[in-house]
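# Fold the following, please.
(one chain, ligands or ions: 1)
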Amino acid sequence: MAFKGHNALASGRFDIAARPLGTGSHSTVFKAKDKAYTDPSRSFALKIYDPQRPDEAAGSTVHPSNNNEMLAFDLLQSIAETKTIASGIPPGFYRRAWHPNVVRRYGHHMASKSTWHGDQWLLLELLEGAQSLGRCSKVSAFEAKAVLYELLRMLAFLHQNDIAHGDISSENLVVCRKIEGLPLLNAIDFGLSVHAKTQQAMGAAESERGLQGARGTPGYFTPEMTWPYAAHSDPKGSPMFQRYDERKGDIFQAGVVAVEVATGKNAAKDLFPLARVTKQGVAQLSRQLFTFTGRPGNEEAAAMGFPQGLFSDIEVSSADGIKAKLRRWGVGDEGLLDVLSKMVCLPGSRHTAEELSMHPYFTHDAALQPVVKAYIDWGFPPPHTIPTPTVPAPLPLPQPTHITPTATNSSMASLGSPPTDDEHMMEVDEEADMMVIDHSL
Ligand SMILES: Nc1ncnc2c1ncn2[C@@H]1O[C@H](COP(=O)(O)OP(=O)(O)OP(=O)(O)O)[C@@H](O)[C@H]1O
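Below is the predicted model of the structure:
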């Protein structure tokens, strides 16, 4: 039958484990071996997308966010290929130039007219023993610092390449191996990413407003996403709804993740709970978010398109106010407080990922040196140097990591060496369609 050629389930090409590694809203991820790979014993993560009912306009069965994710990986591949040339890595070995904190893609197939399960798939690097940050427990203060540094280095890389992840959350960040005993972070799930090809994934109908609206994972909505819901009964139709910068959104969401890691609190339960994902629910959440950050002053309000009278009973934003609230949540370290106050704030005050990665909280800590060195080895030197302090004496490296998997997950594999890879060029059948995406309410 015709569909068998690329069908992950029916072609016999993949040996797929019976139990999934995880499930998402539009996909299931399995451990699988690929008989077409040069080493057929190597395991991958095979993300099998659920086909959707054919879209009326384009007749496509690929969900727009899945299409968008595939196109994000196309871009990431192109970036890695270009970097191989600049770094002198042999052409064809582009995955060696892939960013260490972004899951690698090995292949995909998107049959855009097919309703067969298994006709739309993505073959990814297996993050063996992947443990989402949200399920890690007992993270030491130093591990939390390393994780935040890696998160910022990853975002700096994406943002420099005009890619916003768009859905940073503790579920979409996993740790599975270690650098010198410290956790190595990986970002997954690029379905809501925003990049040069996003409009191609979304289609003409959405091209005007882009991927705007309250979208992503509850607990990680940003203030700029939510205020139109508090200000207008029809936020999507409202001319008040100005575009926001999704890269700045990544920074806020990364800050929320960092608060979770540092305090053990849960974003959706303890920090910014959203009772119901409705317009009214988001309007209420908006008040909570601005109560935390403070409402914008006149200049920032004008820049955001934020109506002057909205939340006038809430105090105006200040870094000291944010720090005080973070202290009440249990953040004690003054350096971390300063970094976080530049992340979980209003967009105009948010620092970039690169700026934040150069904060003295990171650069004045010699104990972070092994992590920085690993980036240099991988071809991603930092935008800063880390001095080796003479006084005070360097902090001792922590003993083997205290991150312990919860009962639902297997233990993390320890891997001291940087990831290496060989090449695996696969034929892909690109049938990307123009489709409409709407993750907003
Ligand atoms: N490369 C990987 N290696 C190991 N496990 C993975 C990998 N990618 C994804 N998973 C597992 O599968 C789950 C679902 O993956 P992912 O978040 O990419 O799916 P999704 O359909 O995009 O989810 P969402 O509903 O958040 O959009 C993850 O939470 C993780 O447990």
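
# and the residue in the stretch 1-150 of the chain positioned nearest to the ligand, what does it touch?
Residue nearest to the ligand within the stretch 1-150 of the chain (Cβ to the nearest ligand atom): Gly24, separated by 1.9 Å. Glycine gets a C-beta too; all of them are placed from N, C-alpha and C. Taking Cβ atoms under 8 Å, 6 or more residues apart in numbering, we find Gly24 in contact with Asp189, Gly191.

# repeat that with 6 Å
Under the criterion of Cβ atoms under 6 Å, 6 or more residues apart in numbering, Gly24 has no contact partners.

# Now do the phi/psi pair for it.
phi -120, psi -170 (degrees, to the nearest 10).

# what do you get for Leu340?
Taking degrees, to the nearest 10 as the convention, Leu340 sits at phi -60, psi -30.

# cool, and Asn7?
Dihedral angles (degrees, to the nearest 10) for Asn7: phi -70, psi 120.

# Next, count neighbours for it.
For Asn7, the count of nearby residues is 23 (other Cβ atoms under 10 Å).

# Which residue is the nearest non-sequential neighbour of it?
Gly118 (4.4 Å; Cβ to Cβ, 6 or more residues apart in numbering).

# Show the end-to-end separation of stretch 102-112, please.
Start-to-end span of stretch 102-112 (Cα to Cα, to the nearest Å) is 26 Å.

# Wondering if that stretch reaches the ligand at all.
Yes - applying Cβ under 6 Å from any ligand atom, one finds stretch 102-112 in contact with the ligand at Val103.

# How far away from the center of its chain is that stretch?
A distance of 17 Å separates the centroid of the chain from that of stretch 102-112, by Cα atoms, centre = their mean, to the nearest Å.

# got it, and stretch 31-50?
Going by Cα atoms, centre = their mean, where stretch 31-50 is centred and where its chain is centred differ by 23 Å.

# can you tell me the average pLDDT over it?
Averaged across stretch 31-50, the pLDDT comes to 97.

# Alpha carbons of it, as CSV, please.
Output of stretch 31-50 as CSV, limited to C-alpha atoms (Å, rounded to 0.1, in the frame of the first residue of the first chain):
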residue,chain,number,x,y,z
LYS,A,31,11.9,5.0,22.0
ALA,A,32,12.7,3.5,18.6
LYS,A,33,15.5,2.1,16.5
ASP,A,34,15.8,3.1,12.9
LYS,A,35,16.9,0.4,10.5
ALA,A,36,17.7,3.1,7.9
TYR,A,37,20.4,4.6,10.2
THR,A,38,24.0,3.7,9.8
ASP,A,39,24.0,2.1,13.2
PRO,A,40,20.6,0.3,13.4
SER,A,41,21.2,-0.5,17.1
ARG,A,42,21.1,3.2,18.0
SER,A,43,18.0,4.3,19.9
PHE,A,44,16.1,7.5,19.0
ALA,A,45,13.0,9.3,20.2
LEU,A,46,10.3,8.9,17.6
LYS,A,47,7.6,11.6,17.9
ILE,A,48,4.5,10.4,16.1
TYR,A,49,2.1,13.2,15.5
ASP,A,50,-1.6,12.8,15.5
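
# what's next to that stretch, contact-wise?
Contacts for stretch 31-50 (Cβ under 6 Å, 6+ apart): 8, 13-17, 21, 26-30, 66, 118, 120-124, 126, 424.

# so where's the stretch 301-441 of the chain shaky on pLDDT?
386-441 (pLDDT under 70).

# So which residue is dead centre in the protein?
Centroid-nearest residue in the chain, with Cα atoms, centre = their mean: Ile168, separated by 3.8 Å.

# longest helix of the chain?
helix 64-87 (DSSP state H).

# The helix or strand following that helix to helix 64-87, inter-axis angle?
Sequence-wise, the next helix or strand downstream of helix 64-87 (DSSP states H and E) is strand 105-110. Here strand 105-110 runs at an angle of 140 degrees relative to helix 64-87 (axes from the mean of the first three to the mean of the last three Cα atoms, to 10 degrees).

# So which elements touch strand 105-110?
Judged by 3 or more Cβ pairs under 6 Å, 6 or more residues apart in numbering; DSSP states H and E, strand 105-110 is in contact with helix 64-87, strand 120-125.
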